[in-house]
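>>> Have a look; sequence and predicted model below, questions after that.
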Amino acid sequence: KSKIKLTGSDSAQLVLTAKVDDNKSLEQIYTFYGDRYDIGYEIRMKGLKDGLGNISYFDINWTNTLPKTELSIENMRQKTFFAYKEGNSVEKATASDEITEESIKNGFEWLAYKSQFFSNTLIGEKPFRSGKVKMGTPPVEDVNRIMESKLKVDIPRSDDISNRFRIYMGPNEYATLTSY
């Protein structure tokens, strides 16, 4: 049980490694920062090029249960939706109590799950290939929405492959959001 406290410009990494042999591995690297609302996330594949065959992408499954954080769940649900940036356009799903599903066919830069005051956003260093997003409203009062997405990420043809992302978890303040 070790605790790490980060402040200011401090950062720390958590590296999870699945080793095939001395020359082949898959790593997931999380980078935490003291003074930022984002977490760095990197997927590294070392020496796996030949083992991938014809596979040209992998999926990221991202699910988030957004809790009730305000007095009125109805008001929160009216202001909770998902959005994504495709080209120069930001597309938003309509807030609805019905299940909302959307397929994103073209490359897109980021996907956000936005609630009344906070957002969770997955930002790719390179555009995502495509994706499917689903927003549901559970029949309980302590959960705002359940968001699910399946995002396709291209795999470059190389022995050392790296895909980098940032996960923003912070306030919906314009100046803060535009800095990411």
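Thanks, I have the structure now. Numbers count the residues shown, from 1 in each chain.
>>> Tell me which stretches of the chain form strands.
For the chain, strands defined by DSSP state E occupy the ranges 11-21, 24-33, 38-46, 57-67, 81-86, 89-92, 100-104, 108-114, 118-128, 130-136, 143-154, 160-171.
>>> Now the third one: buried residues?
This points to strand 38-46. For strand 38-46, burial by neighbour count (16 or more other Cβ atoms under 10 Å) applies to 38, 40-46. Glycine gets a C-beta too; all of them are placed from N, C-alpha and C.
>>> and the residue nearest to Pro138 when sequence neighbours are not counted, how many residues sit next to it?
Spatial nearest neighbour of Pro138, chain neighbours left out: Ile146 (5.9 Å); criterion: Cβ to Cβ, 6 or more residues apart in numbering. Neighbour count for Ile146, taken as other Cβ atoms under 10 Å: 16.
>>> do Ile55 as well
9.
>>> coming back round to it: let me have the strands of the chain in JSON lines, extended by distance to Glu74 and mean pLDDT.
Listed next are the strands of the chain as JSON lines, based on distance: least, Cβ to Cβ, whole Å; pLDDT from 0 to 100:
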{"stretch": "strand 11-21", "distance to Glu74": "38", "mean pLDDT": "96"}
{"stretch": "strand 24-33", "distance to Glu74": "35", "mean pLDDT": "96"}
{"stretch": "strand 38-46", "distance to Glu74": "31", "mean pLDDT": "96"}
{"stretch": "strand 57-67", "distance to Glu74": "14", "mean pLDDT": "94"}
{"stretch": "strand 81-86", "distance to Glu74": "15", "mean pLDDT": "93"}
{"stretch": "strand 89-92", "distance to Glu74": "19", "mean pLDDT": "90"}
{"stretch": "strand 100-104", "distance to Glu74": "17", "mean pLDDT": "92"}
{"stretch": "strand 108-114", "distance to Glu74": "17", "mean pLDDT": "94"}
{"stretch": "strand 118-128", "distance to Glu74": "18", "mean pLDDT": "95"}
{"stretch": "strand 130-136", "distance to Glu74": "16", "mean pLDDT": "95"}
{"stretch": "strand 143-154", "distance to Glu74": "10", "mean pLDDT": "95"}
{"stretch": "strand 160-171", "distance to Glu74": "22", "mean pLDDT": "95"}
